[in-house]
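Enquirer: one predicted model, sequence on top.
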Amino acid sequence: MDLPTSVANKRLTAWLSPLDATLTENWGWGYSSHFGTLKAAPGINRAQPDRAASPSAPPKPARISVLSSRCCLRFGEESEPGMTARILDGTKIRDQIFAELKDEVRLLTAAGVRPGLAAVLVGENPASQLYVKSKIAACEEIGLSSALLTPPATVTTLELLAVIEDLNRDNNVDGILIQLPLPTHVDTKRILEAVDPAKDVDGFHPVNLGRLVSGRPGLVACTPAGCMEILRRNTIKIEGANAAVLGRSDIVGKPMALLLMHANATVTICHSKTRDLPEVLGRADIVVAAMGKAGFVQADWIKSATGGGPGAAVIDVGTNRVTDLREAEHLFRNFPDRLEKFRAKGSALAGDVHPDAINFAGALTPVPGGVGPMTITMLMSNTVKAARLRRASPKFSATQPAATAR
Ligand code: NAP
């Protein structure tokens, strides 16, 4: 059995925390607590981050004739210490923030408020099941209460709206997560807009987007918020920097550009109609790539450390599963270990930035292990923040750590 899509409420009520029990009484659909009833379907592990393939160990290539002369020069110099990018390790930052959140959750719980996240997972999409499983596991790790609702794929928009309404009303639920994509017959926009903005821990609600535009406090989309944490916790100077954001989606590119602008960067937003991307990137001190195109950004488009500056800080949001051997050979031409792993597994994760950028950028997030771990981290951070803001009282205001002070 993969997910408990129809578990007897009676048994669940005995299992669950007060938050869980309240929810179980309200819905007859599949439901589980954070006690580990969610199991990955066979083969799901293929979607796990390919941690071992991290480019943290710099390649030792011979001169590469297919690259530009500037690139060859960098590779020629590569054996010299300090010529490769500083790795911006998202896993390390996740661990720091989790430790901070655990402390805050302990304080809140002791004061009578245990923050709770409710996840709604419609149907049985294996990738979605895996994502939700990771989110529930993260809740457990930091001490949040969690609840999982698993309506069948046949659920209607109206039925889902009723679920959201109940979650909105439940005082023990601080964060509501609707795992996307929803089935095509469901009106996704209407569902997302039905979530109480105070519980919108994904930061997708127009009210939260509006707050972000106007620079007012609110819940910010997790992936861009995670990118900002990576920059800040690595003390990368944002104020006055030229930043290029590649991609203008509502969930990554647009909020990312706004966050950088509010942090006083000068931001250029690029998209599929942008002319001369290399020219824009050549001026950028910070590059955020969120296009969904494996290795699209060429290494020698990025401002390098040669010429006295620190080289660009590159945040690679792209998470692309590569399954084509020729594409893998092109991407990992200087990373024999990664290529070998690709051959063994038949697939690998690659970012939007060509892995050779490690020899150009000043700092770089690896894929996997960079932005990826930060998205769930910021979901946890948003849930704690939502609990603090929504159920705020003077006794909680003293418990605001850096992780949720954004
Ligand atoms: P999306 O909605 O498909 O948006 C892609 C954006 O890239 C669009 O704005 C598109 O421009 C732009 N683009 C396409 N080709 C371009 C080009 N040649 N030059 C400049 N811009 C170009 O994707 P998304 O949801 O934002 O996600 C982007 C990537 O981030 C994906 O790989 C996704 O898997 C990854 N992601 C990762 C995480 C994580 O946790 N690590 C979270 C979210 C997303 P137009 O608007 O003109 O079409």
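Expert: Perfect, I can see it now.
Enquirer: from here on, just use CA atoms for contacts and neighbour counts.
Expert: Will do.
Enquirer: got a list of what the closest residue to Pro183 other than its chain neighbours touches?
Expert: Leaving aside its chain neighbours, Pro183 sits nearest to Ala153 (6.5 Å; criterion: C-alpha to C-alpha, 6 or more residues apart in numbering). By C-alpha atoms under 8 Å, 6 or more residues apart in numbering, the residues touching Ala153 are 122-124, 183.
Enquirer: separation between Pro206 and the ligand?
Expert: Distance from Pro206 to the ligand, counting by C-alpha to the nearest ligand atom, to the nearest Å: 17 Å.
Enquirer: and Arg321, what element?
Expert: strand 320-322 (DSSP states H and E).
Enquirer: what ranges of the chain fall below the confidence cut-off?
Expert: For the chain, applying pLDDT under 70 flags the ranges 1-83, 307, 392-406.
Enquirer: how about 90 then?
Expert: Residues of the chain meeting the criterion pLDDT under 90: 1-84, 305-310, 391-406.
Enquirer: how about the residues of it near the ligand?
Expert: 223, 246-249, 251-253, 270-273, 290-292, 317-320, 371-372, 375 (C-alpha under 6 Å from any ligand atom).
Enquirer: do I have it right that Gly369 meets Ile87?
Expert: No: Gly369 is beyond contact range of Ile87, at 9.9 Å (criterion: C-alpha atoms under 8 Å).
Enquirer: may I have the host helix or strand of Thr91 as CSV, with CA atoms only?
Expert: Applying DSSP H and E as the criterion places Thr91 in helix 90-110. What follows is helix 90-110 as a C-alpha-only set of coordinates in CSV (Å, rounded to 0.1, in the frame of the first residue of the first chain):
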residue,chain,number,x,y,z
GLY,A,90,21.7,24.5,0.9
THR,A,91,21.7,21.3,3.0
LYS,A,92,23.9,23.0,5.5
ILE,A,93,21.6,26.1,5.7
ARG,A,94,18.6,23.8,6.0
ASP,A,95,20.2,22.2,9.0
GLN,A,96,20.9,25.6,10.6
ILE,A,97,17.4,26.8,10.1
PHE,A,98,15.8,23.5,11.3
ALA,A,99,17.8,23.8,14.5
GLU,A,100,16.5,27.4,14.9
LEU,A,101,12.9,26.3,14.1
LYS,A,102,13.1,23.4,16.6
ASP,A,103,13.9,25.9,19.4
GLU,A,104,11.1,28.2,18.4
VAL,A,105,8.6,25.4,18.1
ARG,A,106,9.6,24.2,21.6
LEU,A,107,9.0,27.7,23.0
LEU,A,108,5.7,28.1,21.2
THR,A,109,4.5,24.6,22.3
ALA,A,110,5.5,25.3,25.9
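Enquirer: can you verify Val207 is assigned to a helix?
Expert: Yes: assigned with DSSP: H, G, I helix; E, B strand; the rest coil, Val207 falls within a helix.
Enquirer: what about it, distance to Leu148?
Expert: Counting by C-alpha to C-alpha, to the nearest Å, the gap from Val207 to Leu148 is 25 Å.
Enquirer: of these two, who's got more company?
Expert: More crowded of Val207 and Leu148, by other C-alpha atoms under 10 Å: Leu148, with 24 against 17.
Enquirer: and that one, how far is that from Val132?
Expert: 9 Å.
Enquirer: and for Leu101?
Expert: 19 Å.
Enquirer: more neighbours: which of those two?
Expert: Per other C-alpha under 10 Å, whichever of Leu101 and Val132 has more neighbours is Leu101, with 26 against 21.
Enquirer: ok, back up a step: in which helix or strand does the residue nearest to Pro183 reside?
Expert: Using DSSP H and E, no helix or strand contains Ala153.
Enquirer: with the one 10 residues further on instead?
Expert: Secondary structure assigned from DSSP H and E places Val163 in helix 157-169.
Enquirer: pop the domain breakdown of the chain in here.
Expert: Following automatic domain parsing, the chain resolves into domains at 1-42+110-200, 220-375.
Enquirer: how far does the last one sit from its chain's centre?
Expert: It stands for domain 220-375. Here domain 220-375 shows a centroid-to-chain-centroid distance of 14 Å under the convention C-alpha atoms, centre = their mean, to the nearest Å.
Enquirer: before we move on, what about stretch 184-202?
Expert: Using C-alpha atoms, centre = their mean, the offset of stretch 184-202 from its chain centre is 18 Å.
Enquirer: how long is it end to end?
Expert: End-to-end for stretch 184-202, by C-alpha to C-alpha: 20 Å.
Enquirer: who touches that stretch?
Expert: Outside of stretch 184-202, the residues within contact range by C-alpha under 8 Å, 6+ apart are 155-157, 160-161, 164-165, 168, 173-178, 182, 203-208, 219-222, 379, 382-383, 386, 390.
Enquirer: hmm, 7 Å instead?
Expert: Contact with stretch 184-202 is made by 156-157, 161, 164, 168, 174-177, 182, 205, 207-208, 219, 221-222, 379, 382-383, 386, 390, as judged by C-alpha atoms under 7 Å, 6 or more residues apart in numbering.
Enquirer: list the buried residues for it?
Expert: 186, 188, 191-202 (16 or more other C-alpha atoms under 10 Å).
Enquirer: residue contacts, Val314?
Expert: By C-alpha under 7 Å, 6+ apart, the residues touching Val314 are 286-288, 361, 363-365.
Enquirer: how does it look with 8 Å?
Expert: Shown in contact with Val314 (C-alpha under 8 Å, 6+ apart): 286-289, 361-365.
Enquirer: I'm done for today, thanks for sticking with me.
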